[in-house]
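give me the fold of what follows.
(chains A and B)
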Protein chains: 2
Amino acid sequence: MWKPDRGSKKALYQQIADHLEQRISYGEFPPGSLLPSERKLADRLGVNRSTVIMAFAELRSMGIIDSRTGSGTRVSATKWGATPRHTPNWSRYAEGGNFLPNLPFMRRIREALIQQPSLIDFASGELAADLAPSEEIAKLMSGFQYTSYLGYDNPQGSIPLRQALVDYLEKYREIRTTESSILITSGSQQSLYLITQCLLSPGDAVAIEDPSYCYSLPMFQSAGIRLFRLPVDSQGIQPEEIRSLFKKHRIKMVFLNPNFQNPTGTVLSDASRRQLLDIASELRLPIVEDDPFSLTAYDGNPPSPLKASDKVGSIIYIGSFSKIAASGLRIGWMVAPHSIVKRLADARQQMDFGLSVIPQQVAGQFLQSSLFEPHLDRLRMELRFRRDLTIEALNKELPDALAYTIPDGGLHLWCRLNSAIQDGRLLEETIKRGTVFVPGSVYGSDPGFVRFTFSRPKTEDIERGISLFCEAFRQLNN
Amino acid sequence: MWKPDRGSKKALYQQIADHLEQRISYGEFPPGSLLPSERKLADRLGVNRSTVIMAFAELRSMGIIDSRTGSGTRVSATKWGATPRHTPNWSRYAEGGNFLPNLPFMRRIREALIQQPSLIDFASGELAADLAPSEEIAKLMSGFQYTSYLGYDNPQGSIPLRQALVDYLEKYREIRTTESSILITSGSQQSLYLITQCLLSPGDAVAIEDPSYCYSLPMFQSAGIRLFRLPVDSQGIQPEEIRSLFKKHRIKMVFLNPNFQNPTGTVLSDASRRQLLDIASELRLPIVEDDPFSLTAYDGNPPSPLKASDKVGSIIYIGSFSKIAASGLRIGWMVAPHSIVKRLADARQQMDFGLSVIPQQVAGQFLQSSLFEPHLDRLRMELRFRRDLTIEALNKELPDALAYTIPDGGLHLWCRLNSAIQDGRLLEETIKRGTVFVPGSVYGSDPGFVRFTFSRPKTEDIERGISLFCEAFRQLNN
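Residues are numbered from 1 along each chain as shown, chains lettered A, B, ... in the order given. This is a model prediction of the structure:
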């Protein structure tokens, strides 16, 4: 993102005016469109608001922008030979369409992280830079003899990667499958998107865990899916509730994350697993099992997936590299009956024409290399360490104000605040102080919960980040 | 894909039976599901049909499969402890959903190419392996210091790649823009998908060229969009027709590929361009300009994009690496007003959580390297050579049976056959002989047209491939 050059001889406000003039002249902000507010722009550019006010005054004097009290600053309607009467009404197009925008809290968090890269980030559900196998991947890539064909890939994903996954799934997840039952996707998000778009129809009912990551996915609503909740306690969901949802609402699918569930960190009990598989079989109900966290089990003994005990073929299994290696690779997979894999591969071709061959090749080689196991060992150790740091910091500052269960795997700590504080206010207070988390309501839970992703901040920032959060909490609690 | 091992001591039929038993036991083919026919399986595995019949007999004797006359071979309903009464009815799920499957011809062509990799491929709209910059990319990758963060990417795409594209667009396409107006996508397909999903609503009318690539995209129908045609002649479309479509059907957007149009190869005339921009401005109508082929202009003088003359901001510009470098990179871009870019970036996060950072880094470095220009020079020379070879071969064998305009850029030759032959029959006859093309009806044209992608087969295969096509044509024409 452009920033003014503080070393330049040109005044800051003049640099900003020139930059805005350029962006307007390139059509980025069409005639009549709204510019960001003075305050926002000042934040984003890291300057005082008065500097932006001077830049706007400069542009106004040139007739490029108009400001009107209460309605913000707009690109002049008659400048640049174009008038808004001739430009498409882009804002109407941007508001149209079926596909819903992200939840406001999620957009707010993303925006804050872009504007203030120094924020201590407990919000992004991913690994910190030093936990990702960057060196391992650099090593693999530098040894690359890149001679393979750089054409469109096989619609199901590259065959060598699928072959590597057959071995991986058997060795690490007790899942026996063949490459023809595997679809490579760009991650769990794309797997879920394909399932909701292609296997469900508007009006269909599905059951999801509450709280759950799935609540934060407007894609369910965009697809017209009706969501019903399966409450999660310390043992996971109660499978019997599926039966009653089926009777009442004819649910057509169940979405579950049985191991180190996001956000609660719980592991579904053995008894519930057996019961769940029986019910799925009895009702002929497909279960989508999302399993991104298992290999992070801090003691090195990951819980089995449901799919390993799926005798009937009720389960679509979803896995990913994002939480155990690097989200930036964008490599995930799905194991499903052949007819489903074929159908989803065909639809995916229509959406993005398949995946890049390069990260697939990197992922396949990484899985089969001697670098993978040591990476996992280090990751587990580091995650446990960061979990403990987070808990220690919280206990130090807010011993009685919150409750949590200590997770045995995963990237998140789920906390209940023993105090009624508005999610949005707490988030803003926290951002103001220099840290950010995800409010529990994003996961569909009642107010008063927060999710801390302890895998994302740097180790040395965890204590300070938690301390800033606690400061904000105490401030609002007064 | 698995194939029996002809060097093994185990009989072929036994290997096939074992392999199928394994796939069935892994749940790939659930109880009660239909297996591929004997003929199809024989084709796919490269064995005689009698071998498959013996393998099926073996599985039948073990009670694993059932065959019934007229209804094919199914996985036994009672084997493996599971009965179909307990397995989800996957085929009903596969048939459900809003998203339509690909056109039958496209699926047939893809299937044929997977089953017979030796087919001479005039169908896939991409570059041959030896035209892609594989060596250049290998060189860039082996020099990689992969130290950057492997986390989720910026929702609009990596900033260094967007910065490289700002320079690229100015230098090669006369488009001046800034990185904040650019959205990186996985290619033109994803750009079009995002636009149809997010900026249009079911029932909206849009205008597309006829014939056009867009006809082969069920995604328009999946989104409930009504398509209206703008006939393409040797000068491109007639812009006046847009005005009448707007009056009659209130079209909300126009999709155009003005330079070396797919499939016809035509370039929109200068007069039509001016007229088109005037009409767009007058009607406030957004135009989506797809510009994948311009840099292939064989004489080294690519026609300008519409976007370069877009004073009003009517145009969303779409570009891609797929046709000028490598489709397997999966890197494309879109230039649009900031509000549109933001909206689409947000939606894309919901669909696939963004792109892999690795191919973006490769693409950005390639654009800025000294390897890019020489690659383009070589590409143009090679494409012209292949175009000439294709035309020569057609002229030799079918001088009067077809008509075409010689394209000055792009990857395709569009031919009219002076004879009424059914598309499907010609396709099957051609596949049988060992080559494949795309029937014109895929592009919405009247029957009797074919598209040859001369960039895809190896140079040394072009003459033979065309000869096989001509043989099939003469056979059906008798």
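
was I right about A:F99 contacting B:D346?
No - counting by C-beta atoms under 8 Å, A:F99 stays clear of B:D346, with 9.1 Å between them. No exception for glycine: its C-beta is placed from N, CA and C like everyone else's.

chain neighbours aside, what residue packs nearest to A:Q189?
Spatial nearest neighbour of A:Q189, excluding adjacent residues (C-beta to C-beta, 6 or more residues apart in numbering or on different chains): B:F353 at 4.2 Å.

how many residues are close by that neighbour?
Neighbourhood size, B:F353 [other C-beta atoms under 10 Å in any protein chain shown]: 22.

next one: A:S8
10.

that one - nearest residue in space that isn't next to it in sequence?
Spatial nearest neighbour of A:S8, chain neighbours left out: A:Q15 (6.5 Å); criterion: C-beta to C-beta, 6+ apart.

got the contact list for the one you found?
By C-beta atoms under 8 Å, 6 or more residues apart in numbering or on different chains, the contact list for A:Q15 reads A:P4, A:D5, A:S8.

now do the residue nearest the centre of chain A, the pLDDT please.
In chain A, the residue lying closest to the centroid (C-alpha atoms, centre = their mean) is A:G125, at 5.9 Å. Looking at A:G125, its pLDDT is 92.

and the pLDDT at the nearest residue to it once chain neighbours are set aside?
Distance criterion C-beta to C-beta, 6+ apart; nearest residue to A:G125, sequence neighbours excluded, is A:T453 at 5.4 Å. We have a pLDDT of 97 for A:T453.

kindly report the same for A:P447.
At A:P447, the pLDDT recorded in the model is 81.

now do A:A82
As predicted, A:A82 sits at a pLDDT of 56.

could you point out the longest helix in chain A?
Longest among the helix segments of chain A by residue count, using DSSP state H, is helix A:372-397.

helices or strands up against the next helix or strand after that one?
Per DSSP states H and E, the first helix or strand lying C-terminal to helix A:372-397 is strand A:402-404. Counting contacts by 3 or more C-beta pairs under 8 Å, 6 or more residues apart in numbering or on different chains; DSSP states H and E, strand A:402-404 packs against helix A:372-397, strand A:412-417.

JSON lines for these, including distance to chain B?
Formatted as JSON lines, the helices and strands packed on strand A:402-404 follow (distance: least, C-beta to the nearest C-beta, whole Å):
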{"stretch": "helix A:372-397", "distance to chain B": "12"}
{"stretch": "strand A:412-417", "distance to chain B": "16"}
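
next, format the ones you listed as JSON lines and append mean pLDDT.
As requested, the helices and strands packed on strand A:402-404 are exported to JSON lines (pLDDT from 0 to 100):
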{"stretch": "helix A:372-397", "mean pLDDT": "97"}
{"stretch": "strand A:412-417", "mean pLDDT": "96"}
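
most tightly surrounded among those?
strand A:412-417 (a mean of 22; mean count of other C-beta atoms under 10 Å in any protein chain shown).

quick check: buried residues in the helix or strand that that strand is followed by?
Per DSSP H and E, the first helix or strand lying C-terminal to strand A:412-417 is helix A:423-433. Buried residues in helix A:423-433, counted by 16 or more other C-beta atoms under 10 Å in any protein chain shown: A:D423, A:L426, A:L427, A:E429, A:T430, A:I431, A:R433.

need the mean per-residue confidence for the host helix or strand of A:E289.
Using DSSP H and E, A:E289 sits within strand A:287-290. Averaging pLDDT along strand A:287-290 yields 98.

and the gap between the residue nearest to A:S8 and A:K9?
A:Q15 sits 10 Å away from A:K9, going by C-beta to C-beta, to the nearest Å.

for the nearest residue to A:L367 once chain neighbours are set aside, give its distance to B:I175.
Leaving aside its chain neighbours, A:L367 sits nearest to A:A164 (4.5 Å; criterion: C-beta to C-beta, 6+ apart). Between A:A164 and B:I175 the computed distance is 41 Å (C-beta to C-beta).

now look at stretch A:422-441 and say if it contacts chain B.
No - using C-beta under 8 Å from any C-beta of the partner chain, we find that stretch A:422-441 stays clear of chain B, coming within 14.3 Å at best.

what lies in contact with that stretch?
A:105-106, A:108-109, A:112-113, A:116, A:118-123, A:211, A:263, A:414, A:446-453, A:465-466, A:468-469, A:471-473, A:475-476.

let's see it at 6 Å
Contacts of stretch A:422-441 with the rest of the structure, by C-beta atoms under 6 Å, 6 or more residues apart in numbering or on different chains, involve A:105, A:109, A:112, A:119-123, A:447, A:449-452, A:465, A:468-469, A:472, A:476.

next: stretch A:192-199.
With C-beta under 6 Å, 6+ apart as the test, stretch A:192-199 has contacts from A:M219, A:A223, A:L344, A:A347, B:Y93, B:G96, B:G97, B:F99, B:M351.

what residues does the stretch 51-200 of chain A have near chain B?
When proximity is defined as C-beta under 6 Å from any C-beta of the partner chain, the stretch 51-200 of chain A approaches chain B at A:81-82, A:86-88, A:90-91, A:93-94, A:96-97, A:99, A:101-102, A:126, A:129, A:132, A:134, A:137-138, A:141-142, A:144, A:146, A:149-152, A:176-178, A:181, A:186-187, A:189-190, A:193, A:197-199.

list buried residues within those residues.
Judged by 16+ other C-beta under 10 Å, buried ones among these: A:82, A:86-88, A:90-91, A:93-94, A:96-97, A:99, A:101-102, A:126, A:129, A:132, A:134, A:137-138, A:141, A:144, A:146, A:149-152, A:176-178, A:181, A:186-187, A:189-190, A:193, A:197-199.

which residues are in contact with A:L200?
When contacts are counted by C-beta under 6 Å, 6+ apart, A:L200 touches A:I225.

where does it land in three-state SS?
coil (DSSP: H, G, I helix; E, B strand; the rest coil).

from B:Q221, how far off is it?
For A:L200 relative to B:Q221 (C-beta to C-beta), the value is 18 Å.

for A:R378, same thing?
When A:R378 is compared with B:Q221 (using C-beta to C-beta), they lie 49 Å apart.

quick revisit: tell me what angle the longest helix of chain A forms with strand A:412-417.
Helix A:372-397 runs at 20 degrees relative to strand A:412-417, counting by axes from the mean of the first three to the mean of the last three C-alpha atoms, to 10 degrees.

which other helices and strands contact helix A:372-397?
For helix A:372-397, the elements it packs on are helix A:459-477, judged by 3 or more C-beta pairs under 6 Å, 6 or more residues apart in numbering or on different chains; DSSP states H and E.

send the alpha carbons of the helix it packs on over as CSV?
C-alpha atoms of helix A:459-477 as CSV (Å, rounded to 0.1, in the frame of the first residue of the first chain):
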residue,chain,number,x,y,z
THR,A,459,6.0,-15.7,21.3
GLU,A,460,7.5,-12.5,22.7
ASP,A,461,4.3,-10.5,22.0
ILE,A,462,1.9,-12.9,23.7
GLU,A,463,2.2,-11.6,27.2
ARG,A,464,2.0,-7.9,26.2
GLY,A,465,-1.0,-8.6,23.8
ILE,A,466,-2.9,-10.4,26.6
SER,A,467,-2.1,-7.6,29.0
LEU,A,468,-3.5,-5.0,26.5
PHE,A,469,-6.6,-7.1,26.1
CYS,A,470,-7.0,-7.2,29.9
GLU,A,471,-6.5,-3.5,30.2
ALA,A,472,-9.4,-2.9,27.7
PHE,A,473,-11.5,-5.5,29.5
ARG,A,474,-11.0,-3.8,32.9
GLN,A,475,-11.6,-0.4,31.4
LEU,A,476,-15.0,-1.4,30.1
ASN,A,477,-15.8,-3.4,33.3
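
next, the buried residues of it.
For helix A:459-477, burial by neighbour count (16+ other C-beta under 10 Å) applies to A:D461, A:I462, A:E463, A:G465, A:I466, A:S467, A:L468, A:F469, A:C470, A:E471, A:A472, A:F473.

helix/strand/coil for A:C214?
Taking three-state DSSP, the label given to A:C214 is helix.

so it sits against A:I208, correct?
Yes - look at A:C214 against A:I208 with C-beta atoms under 6 Å: they come within range, at 4.3 Å.
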